[in-house]
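**Q** when you get a sec, could you give me coordinates for this:
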Amino acid sequence: MATQTLKLRMLEDRVLVKPMLQEDKTESGIYLPDSAKERPQKGEVVEVGPGKLLDNGQRVELTVKKGDKVLFGKYAGTEVKFKGEEYIILRESEILAIIESE
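**A** Residues are numbered from 1 along each chain as shown. Alright, predicted model coming up:
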């Protein structure tokens, strides 16, 4: 019997993001309990869909790609758990910016 590998494949303009963990300590040195931490607002793109399908049948490719570090709204997307890992599924329009290194 062959082993199947499960994978999430995004549809349309959906993007799968692995949230980056928030620091346990503030800049001033105060440690935060789990209950005080906010939902992460940045993450790494893990998977992207093929792009949005327009009414005329053309497909618009996404701007973001796998490996991009992105910022998104605090309440954007849908949180999902897959293979014990937490992810957020967003539409590309919910992504606010791509973080570029200098």
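
**Q** so where is this protein shaky, pLDDT-wise?
**A** Along the chain, segments meeting pLDDT under 70 span 1-4, 6, 22-40, 102.

**Q** all strands of it, in order?
**A** Secondary structure of the chain (DSSP state E): strands at 14-19, 42-48, 52-53, 59-60, 69-72, 78-82, 85-91, 95-99.

**Q** closest one to residue 7 among those?
**A** Closest approach to residue 7 among the strands of the chain is made by strand 42-48 (8.0 Å; Cβ to Cβ). Glycine gets a C-beta too; all of them are placed from N, C-alpha and C.

**Q** can you give me the buried ones in stretch 60-71?
**A** 62, 64, 68-70 (16 or more other Cβ atoms under 10 Å).

**Q** what about it, how long is it end to end?
**A** 21 Å (Cα to Cα, to the nearest Å).

**Q** repeat for stretch 79-98
**A** End-to-end span of stretch 79-98 (Cα to Cα): 20 Å.

**Q** other residues contacting it?
**A** Contact partners of stretch 79-98, identified using Cβ atoms under 8 Å, 6 or more residues apart in numbering, comprise 6, 8, 10, 13-19, 43, 46, 52, 62-64, 68-73, 76-78.

**Q** quick one, what contacts the spatially most central residue of the chain?
**A** Nearest to the geometric centre of the chain sits residue 17, at 1.8 Å (Cα atoms, centre = their mean). Neighbour list for residue 17: 43-46, 70, 72, 77, 87-90 [criterion: Cβ under 8 Å, 6+ apart].

**Q** count of residues packed around the nearest residue to it once chain neighbours are set aside?
**A** Leaving out its chain neighbours, the residue that sits closest to residue 17 by Cβ to Cβ, 6 or more residues apart in numbering is residue 43, at 4.0 Å. By the criterion of other Cβ atoms under 10 Å, residue 43 has 25 neighbours.
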